[in-house]
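> generate coordinates for the sequence data below:
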Amino acid sequence: MKIALASAPFQNGKTKENIINMQSFISAAKEQGAQCILFGETALQGFDAFTWEIEKDREIAIELDGSVIQYFCRMAKESGICISFGYLEKEGSCLYSSQVVIGTDGKVLANFRRVSAGWKVPSCTHPDYREGEGFFVFDLLGKRTAIALCGDFWYDERVEEMKLLQPKLVLWPVYCDYAPDEWNKTVKYEYLEQTSKISAPVLLVNPYCNDAGDHEVSKGCCVHFEQGKIITELPSGSPGIVVTEV
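Okay, the predicted model is just below:
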């Protein structure tokens, strides 16, 4: 299976503009012969799109059965490639950091909710900001696949939970705000060591934040980890796309 790892540029809270960028990456992935495209954590609205005021954030989040997801479902069917991206999800009154996977038939194959709490600001105590219940496997183009979001893989008990599922492929969308040199020279090897605990290819995608300012933001990267090695990568420092095979 050929998968396009897409570190697409985004701006926090600029969902319409982010969708346009994602569309261009989907077209590029199709041109490169990819059967699936993987975007990073909260690529749709941006990792810092939430205000942490619950009523405002319920307006920012979207529903799985809403018009935006349906738009991507049509796009997946028309383009003939699977599409997976992170988004801020609303179900009823509750909010999640989620990752959806859409098949080439335009139907949702999986919707994973991050199980670790690191996506929330430390001061967030409202009970309607929630985490998912655990990992699961699903079929992605014939491959037994699982998803982890960012900090999910930094808890030993969660790694053990993933290993018990015996996936043949793991998608690992993240949001990391390391400086490019720090990621490229040192931090990626820490992630390599962590993924070596899973006996399956692990595909990491970090989106690229286009917000202005001097605060620390994600500067992108994509990595295919497998058997303790880096198979393919797009270094941190710029948006881009890289196609790998699993």
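> for the protein, give me the ranges with low pLDDT.
Low-confidence regions of the chain, defined by pLDDT under 70, span residues 212-215.
> as a check, name the ranges of all strands in it.
In the chain, strands defined by DSSP state E lie at 2-7, 9-10, 36-39, 82-91, 94-102, 108-113, 137-140, 143-147, 169-173, 202-209, 219-226, 229-234, 240-245, listed in chain order.
> got the angle for the top helix by length along the chain vs strand 202-209?
Among all segments of the chain classified by DSSP state H, the helix with the greatest residue count is helix 15-31. Here helix 15-31 runs at an angle of 140 degrees relative to strand 202-209 (axes from the mean of the first three to the mean of the last three C-alpha atoms, to 10 degrees).
> what residues does helix 15-31 touch?
With contacts defined as C-beta atoms under 8 Å, 6 or more residues apart in numbering, helix 15-31 is touched by 4, 6, 8-11, 37, 39, 43-46, 49, 68, 71, 75, 79-81, 83, 85, 241, 243. To be clear about C-beta, it is placed using only N, CA and C from the backbone, and glycine gets the same treatment.
> of the residues you listed, which count as buried by neighbour count?
Of the members of those, the ones counted as buried by neighbours, 16 or more other C-beta atoms under 10 Å, are 4, 6, 8-11, 37, 39, 43-46, 49, 68, 75, 79, 81, 83, 85, 241, 243.
> quick revisit: export the longest helix of the chain as PDB, just CAs?
In PDB, the C-alpha atoms belonging to helix 15-31 read as follows (Å, rounded to 0.1, in the frame of the first residue of the first chain):
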ATOM      1  CA  THR A  15     -11.000  25.700   8.900                       C
ATOM      2  CA  LYS A  16     -12.100  26.800   5.400                       C
ATOM      3  CA  GLU A  17      -8.500  27.800   4.400                       C
ATOM      4  CA  ASN A  18      -7.100  24.600   5.900                       C
ATOM      5  CA  ILE A  19      -9.500  22.500   3.800                       C
ATOM      6  CA  ILE A  20      -8.300  24.200   0.700                       C
ATOM      7  CA  ASN A  21      -4.700  23.300   1.600                       C
ATOM      8  CA  MET A  22      -5.700  19.800   2.400                       C
ATOM      9  CA  GLN A  23      -7.400  19.500  -1.000                       C
ATOM     10  CA  SER A  24      -4.200  20.500  -2.800                       C
ATOM     11  CA  PHE A  25      -2.300  17.800  -0.900                       C
ATOM     12  CA  ILE A  26      -4.900  15.200  -1.700                       C
ATOM     13  CA  SER A  27      -4.500  16.000  -5.400                       C
ATOM     14  CA  ALA A  28      -0.700  15.800  -5.100                       C
ATOM     15  CA  ALA A  29      -1.000  12.400  -3.400                       C
ATOM     16  CA  LYS A  30      -3.200  11.100  -6.200                       C
ATOM     17  CA  GLU A  31      -0.800  12.300  -8.800                       C
END
